[in-house]
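# only geometry, no sequence info:
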């Protein structure tokens, strides 16, 4: 055990002492903070834009303004967790942060409006003198409200106007039929509801009820997170295993190490070191996520109630125990494969020839994870779960859906047997590459020697 610890400490400290490791470690939360801050800043700092409506009266202009007010009321009510109609006009005005404001038309035809739309002339408005961002001009036949603007990429104003026109047409049609403008909404409210219920045993239903809550859905998301976490760790170890092995092989460090430790001890120490490196990265990112969740729980009303079901699902033995077993066996299996292949490379160029098949090997489980997350009862998932390369990921995803216990035990046993077989073959490939100088081109001969018939 001491030799394993020494190899582990040597490799682990070699990774974490490098400034590049901490730079990459800080890059993810830093980019998330910068990205979220930038997105928030972009929304809050968006400039106020002016638009005008050219029509004989004020029907369409008032419809567009009402559509903006309706959407603002819904957004503010959702943020403040109050009914949409509970806020008076004064409070709405105080909370309003509208980015499109209507101004009186500086001209009545398109040719005269052109200098204002192109920014050559300015119009006066509540936010000062600005170019005219857009103009709505009613056609002569009254069948279209043309949207004119120099910026064709910002479409939110046009979408608001489109929704307003549809609502206005619906209101006119209802009034022409002698019906109230709220007739459709009243009909929708009177429709037979289709509530979602979850069937449980009599005892469970008496205690938990039959309502579908976030606690019922959280295990699926937690299992999906664990499966993706395993995939991310496996994906992360490639560069560490390949680059570290190539460096030690090219510098003849293996010869020195093997004079002091045995091959199994060397492999175990290296695998534990890379596991600790990736675990350090995930732990730091996890602490960052927990800190962010704690801040949300204290700052945002109701956020704590959203986070609690996920923590409870993560601590559930039904998911945690099979998940940890699958996680451990899958990590060892993939780690040994990559370590063995890395021992056959002398240069970065040779390693790059292995990256493509490795990436394909890693993308296959990701496709299976996506299918399982969308439809865990799919026959494709049931069959793929018996493929050892997919089993570590799919078994985790199947646990929230209570698969038969015999299948869980059988797939765990299959993973264990496959892991031992990979371990047996990887040790021999690693020995041939690290000690005897075998290359990628000798891999076929080695496999033939391991599994082929021995000469009489």
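Sure thing, it's come through. Computed from a predicted structure; not experimentally measured. Numbers count the residues shown, from 1 in each chain.

# so where do the strands sit in this protein?
With DSSP state E as the criterion, the chain has strands at 49-54, 100-102, 123-125, 128-130, 132-138, 145-149.

# how about TSV for those, with mean neighbour count, mean pLDDT and distance to residue 293 added?
All C-beta atoms are positioned from the backbone trio N, CA, C, and that covers glycine. Below are the strands of the chain laid out as TSV (neighbours: other CB atoms under 10 Å; pLDDT from 0 to 100; distance: least, CB to CB, whole Å):
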stretch	mean neighbour count	mean pLDDT	distance to residue 293
strand 49-54	23	94	36
strand 100-102	18	92	35
strand 123-125	16	92	42
strand 128-130	12	92	41
strand 132-138	22	94	39
strand 145-149	16	94	42
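
# could I get those strands as JSON lines with distance to residue 26?
Compiled in JSON lines, the strands of the chain are given as follows (distance: least, CB to CB, whole Å):
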{"stretch": "strand 49-54", "distance to residue 26": "38"}
{"stretch": "strand 100-102", "distance to residue 26": "39"}
{"stretch": "strand 123-125", "distance to residue 26": "45"}
{"stretch": "strand 128-130", "distance to residue 26": "41"}
{"stretch": "strand 132-138", "distance to residue 26": "40"}
{"stretch": "strand 145-149", "distance to residue 26": "42"}
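
# my read: residue 105 touches residue 54, true?
Yes: using CB atoms under 8 Å, residue 105 is in contact with residue 54, at 5.6 Å.

# what is in contact with those two at once?
113, 135 (CB atoms under 8 Å, 6 or more residues apart in numbering).

# Which one of the strands of the chain lies nearest to residue 327?
Smallest distance to residue 327 across the strands of the chain (CB to CB): 50.6 Å, for strand 100-102.

# lowest-confidence helix or strand of this structure?
helix 89-95 (a mean of 48; mean pLDDT, DSSP states H and E).

# Can you tell me which of the strands of the chain is nearest to residue 376?
strand 100-102 (44.6 Å).

# Show me what that closest one is packed against.
Under the contact criterion of 3 or more CB pairs under 8 Å, 6 or more residues apart in numbering; DSSP states H and E, strand 100-102 touches strand 49-54, helix 59-80, helix 156-176.

# Could you say which one of these comes nearest to residue 24?
helix 59-80 (35.9 Å).

# Determine the angle, from 0 to 180 degrees, between that closest one and helix 156-176.
Put simply, helix 59-80 runs at 110 degrees to helix 156-176, going by axes from the mean of the first three to the mean of the last three CA atoms, to 10 degrees.

# quick one, helix 59-80 and strand 49-54 angle?
For helix 59-80 against strand 49-54, the angle by the same axes, to 10 degrees is 150 degrees.

# Kindly state the domain boundaries assigned to the chain.
For the chain, automatic domain parsing gives the domain ranges 48-183, 216-451.

# ok so, going back, among the helices and strands packed on strand 100-102, show the one with the smallest mean pLDDT.
Ranked on mean pLDDT, the bottom entry among the helices and strands packed on strand 100-102 is helix 59-80, at a mean of 81.

# Please point out which parts of it sit buried.
60-61, 63-65, 67-68, 72-73, 76-77 (16 or more other CB atoms under 10 Å).

# Closest one of those to residue 149?
For the buried residues of helix 59-80, the nearest to residue 149 is residue 64 (14.2 Å; CB to CB).

# measure the residue lying closest to the closest one once chain neighbours are set aside to residue 221 for me?
With CB to CB, 6 or more residues apart in numbering as the criterion, residue 64 has its nearest non-adjacent residue at 4.6 Å, and that residue is residue 164. Separation of residue 164 from residue 221 (CB to CB, to the nearest Å): 37 Å.

# swap in residue 30?
Per CB to CB, residue 30 is found 25 Å from residue 221.

# How about residue 65?
Where residue 221 is concerned, residue 65 sits at a distance of 41 Å (CB to CB).

# Next: residue 199.
For residue 199, the distance to residue 221 - CB to CB - is 21 Å.

# Those two - which one has more neighbours?
The neighbour comparison of residue 199 against residue 221 (other CB atoms under 10 Å) goes to residue 221, with 16 against 7.

# buried stuff in stretch 410-419?
411-412, 414-415, 418-419.

# since we're on residue 189, how many residues are nearby?
Neighbour number of residue 189 under other CB under 10 Å is 9.

# what's the distance between it and residue 360?
In terms of CB to CB, residue 189 sits 53 Å off from residue 360.

# likewise residue 395?
Residue 395 is 22 Å from residue 360, by CB to CB.

# Ok, which of the domains of the chain comes nearest residue 37?
domain 216-451 (12.8 Å).

# In terms of neighbours, single out the busier of residue 395 and residue 360.
Taking other CB under 10 Å, residue 395 and residue 360 do not tie; residue 395 has more neighbours (28 against 9).

# For the more buried one, give me its contacts.
Residue 395 neighbours (CB under 8 Å, 6+ apart): 322, 326, 385, 408, 411-412, 415.

# Could I get those in CSV, plus columns for distance to residue 229?
As requested, these are exported to CSV (distance: CB to CB, whole Å):
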residue, distance to residue 229
322, 14
326, 11
385, 18
408, 20
411, 19
412, 19
415, 17
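
# Nearest to residue 354 among the residues you listed?
residue 415 (23.9 Å).

# What does the pLDDT read for the closest residue to that closest one other than its chain neighbours?
Closest residue to residue 415 apart from its sequence neighbours, by CB to CB, 6+ apart: residue 329 at 4.5 Å. Each residue has a pLDDT score; the one for residue 329 is 85.

# ok, residue 329 to residue 341 distance?
19 Å.

# Just to check, residue 137 is in contact with residue 144?
No: Residue 137 is beyond contact range of residue 144, at 9.1 Å (criterion: CB under 8 Å).

# quick one: buried residues of stretch 105-121?
For stretch 105-121, by 16+ other CB under 10 Å, it's 105-107, 113-114, 116-117.

# and stretch 372-381, how far apart are its ends?
One end of stretch 372-381 sits 6 Å from the other (CA to CA, to the nearest Å).

# Mean confidence (pLDDT) on that stretch, please.
pLDDT averaged over stretch 372-381 gives 75.

# quick one: it to chain centroid distance?
When distances are taken as CA atoms, centre = their mean, to the nearest Å, stretch 372-381 is centred 19 Å away from the chain's centroid.

# residues making contact with it?
220, 224, 227, 368, 371, 384, 393-394, 397-398, 400-401.

# just to revisit the earlier point, I'd like the buried residues of stretch 105-121 laid out as a markdown table, including pLDDT.
Supplementary listing: these in a markdown table, determined by pLDDT from 0 to 100:
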| residue | pLDDT |
| --- | --- |
| 105 | 93 |
| 106 | 93 |
| 107 | 92 |
| 113 | 93 |
| 114 | 94 |
| 116 | 94 |
| 117 | 94 |
